[in-house]
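K.L.:
Pasting the sequence and the predicted model now:
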Amino acid sequence: QLQLVESGGGLVQPGGSLRLSCAASALTSAYYAIGWFRQAPGKEREGVSCISGSGGSTNYAESVKGRFTISRDNAKNTVYLQMNSLKPEDTAVYYCAARYGILGSRCLPRDYGYWGQGTQVTVSS
């Protein structure tokens, strides 16, 4: 069974950067689309960015376009989320998740069946 482990969260000042990593256990992670999701206190979990198994297709939430970049290195079974120009409203627990097969047209939590434990990102001065 595919297992996912996030890392890279922490406390950063507004305008700063962080890079999150999602390490997958399976050697066949290239067959899985991977997504980054976040959940702030009292809010629904939302899709941030998702990437296809090959890395050739991506999608982003409007709120992070131009600031966040998703990428993957299948040789390392790892997906990254580079977050720049962070804002206080980006504060949340960030999760990576996987779905077997193609990338959907939208990055929706309900479409992803394998989840990591999450990593906290706090943007504050």
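P.N.:
Sure, I can see it. Residues are numbered from 1 along each chain as shown.

K.L.:
low-scoring stretches of this structure, by residue?
P.N.:
In the predicted model of the chain, residues 26-29 satisfy pLDDT under 70.

K.L.:
let's go with 90 and repeat that
P.N.:
Applying pLDDT under 90 to the chain flags residues 1-2, 25-31, 101-106.

K.L.:
and the gap between the residue most central in space within it and Ser125?
P.N.:
The centroid of the chain falls nearest to Trp36 when counting by Cα atoms, centre = their mean (2.1 Å). Separation of Trp36 from Ser125 (Cβ to Cβ, to the nearest Å) stands at 24 Å. Glycine gets a C-beta too; all of them are placed from N, C-alpha and C.

K.L.:
what packs against the helix or strand containing Leu11?
P.N.:
For Leu11, the host element (DSSP states H and E) is strand 10-12. Secondary-structure packing of strand 10-12 (3 or more Cβ pairs under 8 Å, 6 or more residues apart in numbering; DSSP states H and E): strand 119-123.

K.L.:
Each with direction, which strands does the strand it packs on pair with?
P.N.:
strand 10-12 (parallel), strand 92-100 (antiparallel) (DSSP bridges).

K.L.:
quick one: Ala30 and Asp73 touch, right?
P.N.:
No: Ala30 lies out of contact with Asp73 (Cβ atoms under 8 Å); the separation is 10.4 Å.

K.L.:
Pick out whichever of those two has more residues nearby.
P.N.:
Ranked by neighbour count (other Cβ atoms under 10 Å), Ala30 and Asp73 place Ala30 first, with 15 against 12.

K.L.:
So Leu20 lies in a helix, does it not?
P.N.:
No: using DSSP: H, G, I helix; E, B strand; the rest coil, the assignment for Leu20 is strand, not a helix.

K.L.:
surely it meets Thr78?
P.N.:
No: between Leu20 and Thr78 there is no contact under Cβ under 8 Å: 10.4 Å.
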